[in-house]
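Q: Sequence and computational prediction follow.
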Amino acid sequence: MKILLVVFSVVLLLGCFDKRHKFDSEELVFRRFEKKYDSLRTSLKDSLHSSIRNVNDFNQLYTISEKIQLDSIISDFERKSGLKLALITFDSTMTSKDSVEEVTRIIGIKNRINTTIGISVSHRIMYIWNDSLVNNTLFDEYSTKSIIDNYFTPSFGKGEYYNGTIQGVNKIIQTAFIKLKSQKSIKKNGS
């Protein structure tokens, strides 16, 4: 009887031991960490709108002098046109590949920015968002895709992020001035 009780106790203890030290599956661990990253990304998205400047280089793509040059170009554009433009580079922890567009849009809306450029080099994606008040008249989806494909991407493919950004931002500014001038002449002739 004592032997049976000892064997039963050992089996019971081993059963409890296995349950306490059982390892989680890789899928379960991945889901748990993905959930933590999603909550981190959500809090980052919500906090990003509070201190957006003309150039927001969270991925450290540009040198200090390059940031100053970009800021100067964007500030001059804002002063001459009255339109706000912001550039944001995201590091890999700030967004997922499928949320770059959403985060760029949220930042633009919350900060009342007319054109917001979101760049994620780590996810190899970029997005140009336009305020709904000027979206249909200044930049349509085709125009922004064309600017990305023809001005940003060629230099980005070579690792020349500053050159691509300068070319793309200058094209956005040039296109905006042409369309603003065209709108003024239509209003002038129509009145």
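A: Perfect, thanks for sending it.
Q: The longest helix along the chain: which residues count as buried?
A: The helix spanning the most residues in the chain, taking DSSP state H as the definition, is helix 161-190. For helix 161-190, the neighbour count (16 or more other C-beta atoms under 10 Å) marks 161-169, 171-173, 175-176, 180 as buried. Heads up, the C-betas are built off the backbone N, CA and C, glycines and all.
Q: Show me what that helix is packed up against.
A: Under the contact criterion of 3 or more C-beta pairs under 8 Å, 6 or more residues apart in numbering; DSSP states H and E, helix 161-190 touches helix 64-81, strand 85-89, strand 115-120, helix 141-147, helix 153-156.
Q: could you redo the ones you listed as CSV and give each row mean neighbour count, mean pLDDT and distance to Val103?
A: Converted to CSV, the helices and strands packed on helix 161-190 look like this (neighbours: other C-beta atoms under 10 Å; pLDDT from 0 to 100; distance: least, C-beta to C-beta, whole Å):
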stretch, mean neighbour count, mean pLDDT, distance to Val103
helix 64-81, 15, 96, 19
strand 85-89, 24, 94, 8
strand 115-120, 26, 94, 6
helix 141-147, 15, 89, 16
helix 153-156, 17, 96, 19
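Q: Save those as JSON lines, and put in distance to Arg53 too.
A: Below are those laid out as JSON lines (distance: least, C-beta to C-beta, whole Å):
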{"stretch": "helix 64-81", "distance to Arg53": "7"}
{"stretch": "strand 85-89", "distance to Arg53": "7"}
{"stretch": "strand 115-120", "distance to Arg53": "12"}
{"stretch": "helix 141-147", "distance to Arg53": "22"}
{"stretch": "helix 153-156", "distance to Arg53": "22"}
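Q: To Asn54, which of these lies closest?
A: Asn54 lies closest to helix 64-81 among those, at 4.1 Å (C-beta to C-beta).
Q: Contacts made by that closest one with the rest, please.
A: 53-55, 57, 62, 83-87, 162, 165-166, 169-170, 173, 176-177, 180 (C-beta atoms under 8 Å, 6 or more residues apart in numbering).
Q: Listing request: residues of the chain with sub-threshold pLDDT.
A: 1-2, 4-51, 132-137, 185-191 (pLDDT under 70).
Q: and with 80 instead?
A: 1-52, 95, 131-140, 182-191 (pLDDT under 80).
Q: Go ahead and list the helix or strand containing Glu102.
A: Assigned by DSSP states H and E, Glu102 belongs to helix 100-110.
Q: which other helices and strands contact that helix?
A: helix 26-48, strand 85-89, strand 115-120, strand 125-130.
Q: Buried ones in that helix, by neighbour count?
A: Buried, per 16+ other C-beta under 10 Å, within helix 100-110: 100-108.
Q: Done for today, thanks.
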